[in-house]
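**Q** structure for the following, please:
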Amino acid sequence: MCPSSVNLSYGNLSFAAEGDENWIATQLDKILGVAETLGRVGTFSRDNSVAPVAENESPDEPFTATLASHIKAKGGETNQVKRFLATADWLRLRGSQKLNTSSIVKALSDGHQKRLGNPADCLNKNVAKGHCEKMGDDFFITPEGLKALGYS
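**A** From the prediction side, this is the model:
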């Protein structure tokens, strides 16, 4: 079977892949799902990053909620897996380009919040639920993860 390739641009989001046709189709479905969510949650900027829009805020206003209030609002006070996801969302809304377990641990520590017993396990449980998707050493929150946090 010959390798296939695809090159897609949607606003400032671009995706290019080469490989098996089925693999490309799977990756493209993931990208399109994320692109749809990003279009609802934020706006694309010139540097291909996402400028997030929090609920009740206009795109021009910065996200200013504290980590503690965001965790509480997203229901992560008593559930470590949800606290991990809420913290990742907080970092995303503040403009973090790369999410990884060490950034979650640092944010919780800096924000004087309860630590996670096993951050890697929390990420894996979020991946298993379909709330996050790994990309090498980093991860991103999927549309299902955003829905689990209360975004429509």
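**Q** so how far is G117 from E21?
**A** 42 Å (C-beta to C-beta, to the nearest Å). Where you see a C-beta, it was placed from the backbone N, CA and C, and this is true even at glycine.
**Q** I meant to write N100 there.
**A** 18 Å.
**Q** the more surrounded of the two?
**A** Residue environment comparison for N100 versus G117 gives the larger neighbour count to N100, 19 against 8, counting by other C-beta atoms under 10 Å.
**Q** which parts of the protein are helices?
**A** Using DSSP state H, the helices assigned to the chain run over residues 21-41, 67-73, 80-93, 101-110, 119-129, 143-148.
**Q** give me the contacts around the fifth one.
**A** Read that as helix 119-129. Outside helix 119-129, the residues within contact range by C-beta atoms under 8 Å, 6 or more residues apart in numbering are 80-81, 83-85, 101, 104-105, 116, 132-134, 139, 144-145, 148.
**Q** show me which of those are buried.
**A** Buried members of the contacts of helix 119-129, scored by 16 or more other C-beta atoms under 10 Å, are 80-81, 83-85, 101, 104, 116, 132-133, 139, 144-145, 148.
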